[in-house]
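Peer 1: generate coordinates for the sequence data below:
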Amino acid sequence: MRAQFFGAEASTKKTRNNLIANVRGYDHYDIDIRDASAVAELFKTYSGKIDAIVHTASQPSHDWAARDPQTDFSDTANGTLNLLEAARTIFS
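Peer 2: All right, here's what the predicted structure looks like:
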């Protein structure tokens with residue numbers, strides 16, 4: 001969503017493509033962390049194989065957040081809750 005937040009020049013596509021090309025074992029899934037079902041399904045797919053979860057999916061601009069607080073909250077809080085709930089489910 002960085003491109004949506006900050007324009008095409010903020011896209012993480014180049015970094016994603018570099019990871020895919022250069023990091024052995026890296027798998028990329030283009031899902032929205034606000035989609036609880038998609039997050040849960042991904043965690044189920046890798047259940048028993050997850051060693052760490054690194055959550056870096058939030059937008060870093062307070063100015064942008066003030067312009068669209070609904071999307072900012074949904075992306076940050078609901079997305080985080082979906083990740084935590086999926087982790088709790090597979091690790092409990």
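
Peer 1: what's next to the longest helix along the chain, contact-wise?
Peer 2: Using DSSP state H to define each element, the chain has its longest helix at helix 79-91. Here helix 79-91 makes contact (Cβ atoms under 8 Å, 6 or more residues apart in numbering) with 32-36, 39-40, 42-44, 47-48, 50, 53, 55, 57-58. (C-beta placed from N, C-alpha, C; glycine too.)

Peer 1: same thing but 10 Å
Peer 2: Identification of contacts with helix 79-91 by Cβ atoms under 10 Å, 6 or more residues apart in numbering yields 1, 32-50, 53, 55, 57-58, 73.

Peer 1: could you give the mean pLDDT of that helix?
Peer 2: Across helix 79-91, the average pLDDT comes to 93.

Peer 1: quick one: buried residues of that helix?
Peer 2: 79, 82-83, 86, 90 (16 or more other Cβ atoms under 10 Å).

Peer 1: now do stretch 32-43
Peer 2: 33-34, 36, 38-40, 42-43.

Peer 1: widest-spaced pair of these?
Peer 2: R34 and F43 (15.0 Å; Cβ to Cβ).

Peer 1: and the pLDDT at R34?
Peer 2: With respect to pLDDT, R34 scores 90.

Peer 1: also V39?
Peer 2: V39 is given a pLDDT of 96.

Peer 1: dump the residue contacts of it.
Peer 2: 29, 31-33, 79, 81-87.

Peer 1: would you reformat the buried residues of stretch 32-43 as TSV and include distance to V23 and secondary structure?
Peer 2: Shown next, in TSV, are the buried residues of stretch 32-43 (distance: Cβ to Cβ, whole Å; DSSP: H, G, I helix; E, B strand; the rest coil):
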residue	distance to V23	secondary structure
I33	21	coil
R34	26	coil
A36	27	helix
A38	22	helix
V39	22	helix
A40	25	helix
L42	18	helix
F43	21	helix
